[in-house]
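*Asks:* The sequence isn't on hand, but the structure is:
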């Protein structure tokens, strides 16, 4: 692993300053790796894990125990059952379909909703960073500024656009797609509005992060390629994309996790029926009208976090590097 | 170099995978967009399978119920085969399954597919969907105030005459009033709950020789008797997260309705009668002599101030143990007794049971404060009207009530539909009585700034800080929105 990491194509300005006197980051690193610091980190980690541990224990307790006593009483009265997980997976009295359809919906929503903005953002970021055109800086700052628009503010106009269409004067921007003989739009009850909405909401941050990474790539590389006659598309595909994998991967994790955990956008654009609703909607409903299904919601939550964990651990080595590279520009 | 190559290979692989997923996803989207008819058919197929299964289960229970005989009851709703009606509600699973079971026969016979969607974000989602052009066909509205706001914004469509006729026939007239806005009838009642109950332990009552009080005077004689016997007669809890204080508004509502009857109560709800009027002050004094009486409360917890701190779910903890004599709470409190004891049962011989909080004067007979949902429609397609009418019919209400844990104020539901001596049956008995005075929970009818805000806060302060009554009432009045 370490050899591999060492041979990674490295940017000149992040080379370690090996022979120079200790810099501030190095001093900080040395101080933070003292045994005391490690001890404190372990303690904090332990404390932060306790709620998750409580969740795990509750999910393994019989329904009556989970409802009538705190999870810590488990240690005095250990009774383990997997029936909560069985009920969540295969379905039961509460939600007969179980978590499975919702789980697939979550994938069907989150994967395109991560790939679409990523693809668009990579191309936009390259164009803004390396293609000279008039107002490119202004466009970039405009996109960057769009991050201040809260998502909640855009929900209603977007919903109207999907369902009623939208036109700018006489020019139709988005058609009114009504189902024949019904007041409902063709898009209602499909994933499409969700993909579009998530893509829109993700683009400003995605373009910003990836732009800052791509803009730091050495100019010499681009110029050499240009001299050799490479087109912009070729440079983008053969040089920029492979070198930007850390930034792309970190944003992919970011976006996937955000969409996976989203409830608001999903409920607003797709609704809560099992044919489109994601896992979060299952979790919100499985708790029951009086919030009495603690054992099911905890088991469901544990099943739901498996996927983000896999994604995170699979791509985590890019995560910090990519985020830092994007955010602390020069 | 090999490492770099391998990495490139991985990147390519990742890219290829991504592209593949993209293609697959686009393919999927094409299908669902252009071939929505196919999707609908698929949905119907699964629905048909589901209801088919339920039908079988029903068939086993009910030997006489063969298809043709069962379908005669639905003759009025025929002619809408292959249509779909969306229902959006705040009632989450597992209650959802009971509703679907109750209308399975209707779906089977009429060919109308009722798609149930529940969300705990109902009250935020519904106005958003209506404004966004994505209104459900039918929504179950838990508060008349919300119905009024929706009508003001132009959402719901008036109920068909058939629905209105059913409501006229089977409900206490007050219910129709709550489904009516500006003279137009929009929404028929669905489920209901009864708030005018006092919970007690039949065991403790039997051991001490107490009788269930049937008049206001007997209630206080019993309270004093309990004090003499060393039992705190009353307990209560106001803590309920963001809604802390609502149980105290219920107490005030009970007294208001009992002291002055329905007309004054309606004036109070519409703020023609302010909180600072002598009537409300007198009602507050009655509540003070009841739940703020240091001799009477707070059984199982401590002094008067503990009422503000105790979670309402826990308030009855002292009842089975005999530390507390009585608890004024709604019918749904039946769900909480098992929190104290896994084997708790509700009934005349059970761990806990309830009696009707007696009337104060015979001038206003049998006042009942309650709540419920209303079935509002947002489309007037024939199948939507059929479902809306069916949801008001005694047929549907009986079939739902038979599944348990649900009360209807529809007087067409025979009382023996409910489990004998269940709290549901007791609730229905009072809710369907045509001679009683029914009024909706006032705090649900008042503007949210008061009914779901200042009134909760001030009533909590009244208990927690012993804030003077006059200041409490003045502050609630001050929060009433100027319209």
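*Replies:* Structure's in. What do you need? No experiment lies behind these values; they were computed from the predicted model shown.

*Asks:* ok, the closest residue to chain A within chain B - how many residues close by?
*Replies:* Closest contact between chain B and chain A, by CB to the nearest CB, is at residue B:132 (2.9 Å). Bear in mind the C-beta positions are built from the backbone N, C-alpha and C, glycine included. Close neighbours of residue B:132, defined as other CB atoms under 10 Å in any protein chain shown, add up to 23.

*Asks:* In terms of helices and strands, where is the spatially closest residue to it that is not a sequence neighbour?
*Replies:* The spatially closest residue to residue B:132, leaving aside those adjacent along the chain, is residue A:159, at 2.9 Å (CB to CB, 6 or more residues apart in numbering or on different chains). Assigned by DSSP states H and E, residue A:159 belongs to helix A:151-164.

*Asks:* re the thing from before, which residues does the residue of chain B closest to chain A contact?
*Replies:* Contact analysis of residue B:132 by CB atoms under 8 Å, 6 or more residues apart in numbering or on different chains lists A:155, A:156, A:158, A:159, A:160, A:162, A:163, A:268.

*Asks:* how about 7 Å then?
*Replies:* A:156, A:159, A:160, A:163 (CB atoms under 7 Å, 6 or more residues apart in numbering or on different chains).

*Asks:* Whichever of those end up buried, select them in PyMOL.
*Replies:* The PyMOL command for the buried members of the contacts of residue B:132 (criterion: 16 or more other CB atoms under 10 Å in any protein chain shown) is given here:
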select buried, chain A and resi 159+160+163
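
*Asks:* How far does the helix holding residue A:159 sit from its chain's centre?
*Replies:* Computed by CA atoms, centre = their mean, to the nearest Å, the chain-centroid distance of helix A:151-164 equals 21 Å.

*Asks:* What is that helix packed up against?
*Replies:* Secondary-structure packing of helix A:151-164 (3 or more CB pairs under 7 Å, 6 or more residues apart in numbering or on different chains; DSSP states H and E): helix A:192-215, helix A:264-269, helix B:122-131.

*Asks:* give me that answer again for 6 Å
*Replies:* Judged by 3 or more CB pairs under 6 Å, 6 or more residues apart in numbering or on different chains; DSSP states H and E, the packing partners of helix A:151-164 are helix A:192-215.

*Asks:* Past the helix it packs on, which element shows up next along the chain?
*Replies:* Taking DSSP H and E, what comes next after helix A:192-215 is helix A:219-227.

*Asks:* Past that following helix, which element shows up next along the chain?
*Replies:* helix A:232-235.

*Asks:* Grab the most central residue of the chain for me.
*Replies:* No chain specified, so I'll use chain A. The residue lying closest to the centre of chain A (CA atoms, centre = their mean) is residue A:255, at 2.5 Å.

*Asks:* my bad, the chain I had in mind was chain B
*Replies:* residue B:372 (4.5 Å).

*Asks:* Tell me which residues touch it, please.
*Replies:* B:189, B:191, B:192 (CB atoms under 6 Å, 6 or more residues apart in numbering or on different chains).

*Asks:* Closest one of these to residue B:122?
*Replies:* Taking CB to CB as the measure, residue B:122 lies nearest residue B:191 of these, at 14.5 Å.

*Asks:* The closest one: helix or strand, and which one exactly?
*Replies:* If you go by DSSP H and E, residue B:191 is part of strand B:188-194.

*Asks:* Quickly run through the sheet partners of the next helix or strand after that strand, with directions.
*Replies:* Per DSSP H and E, the first helix or strand lying C-terminal to strand B:188-194 is strand B:197-200. Sheet pairing for strand B:197-200, assigned by DSSP bridges, gives strand B:324-328 (antiparallel), strand B:353-356 (antiparallel).

*Asks:* what residues does the shortest one touch?
*Replies:* Meaning strand B:353-356. B:197, B:198, B:199, B:202, B:212, B:347.

*Asks:* One more: stretch B:459-473?
*Replies:* Applying CB under 6 Å, 6+ apart, the contact partners of stretch B:459-473 are B:238, B:244, B:245, B:248, B:249, B:275, B:276, B:284, B:305, B:307, B:308, B:458.

*Asks:* Now it: buried residues?
*Replies:* B:459, B:460, B:461, B:462, B:463, B:464, B:469, B:472, B:473.

*Asks:* Next, the distance between the ends of it.
*Replies:* 9 Å (CA to CA, to the nearest Å).

*Asks:* quick one: average pLDDT of that stretch?
*Replies:* Stretch B:459-473 carries an average pLDDT of 95.

*Asks:* same deal with stretch A:37-51?
*Replies:* Mean predicted lDDT for stretch A:37-51 stands at 92.

*Asks:* One more: stretch A:135-154?
*Replies:* 89.

*Asks:* What are the buried residues along that stretch?
*Replies:* A:140, A:143, A:144.

*Asks:* and the spatially closest residue to residue B:261 that is not a sequence neighbour, how many neighbours?
*Replies:* The spatial neighbour of residue B:261 that comes closest, neighbours along the chain excluded (CB to CB, 6+ apart), is residue B:364 at 3.9 Å. Using other CB under 10 Å, the number of residues around residue B:364 comes to 19.

*Asks:* is it fair to say residue B:364 lies in a helix?
*Replies:* No - assigned with DSSP: H, G, I helix; E, B strand; the rest coil, residue B:364 falls outside any helix and is coil.

*Asks:* Tell me how far stretch B:358-378 lies from the chain's centre.
*Replies:* Centroid separation for stretch B:358-378 versus its chain: 13 Å, with CA atoms, centre = their mean.

*Asks:* Just the endpoints, please. Distance across that stretch?
*Replies:* End-to-end distance (CA to CA), stretch B:358-378: 40 Å.

*Asks:* what domains does the record give for the chain?
*Replies:* This is for chain A. Here the domain parsing of chain A from automatic domain parsing is A:22-81, A:83-327.

*Asks:* Can you look at chain B instead?
*Replies:* The record assigns chain B these domain ranges, following automatic domain parsing: B:45-193+B:371-431, B:197-370+B:437-479.
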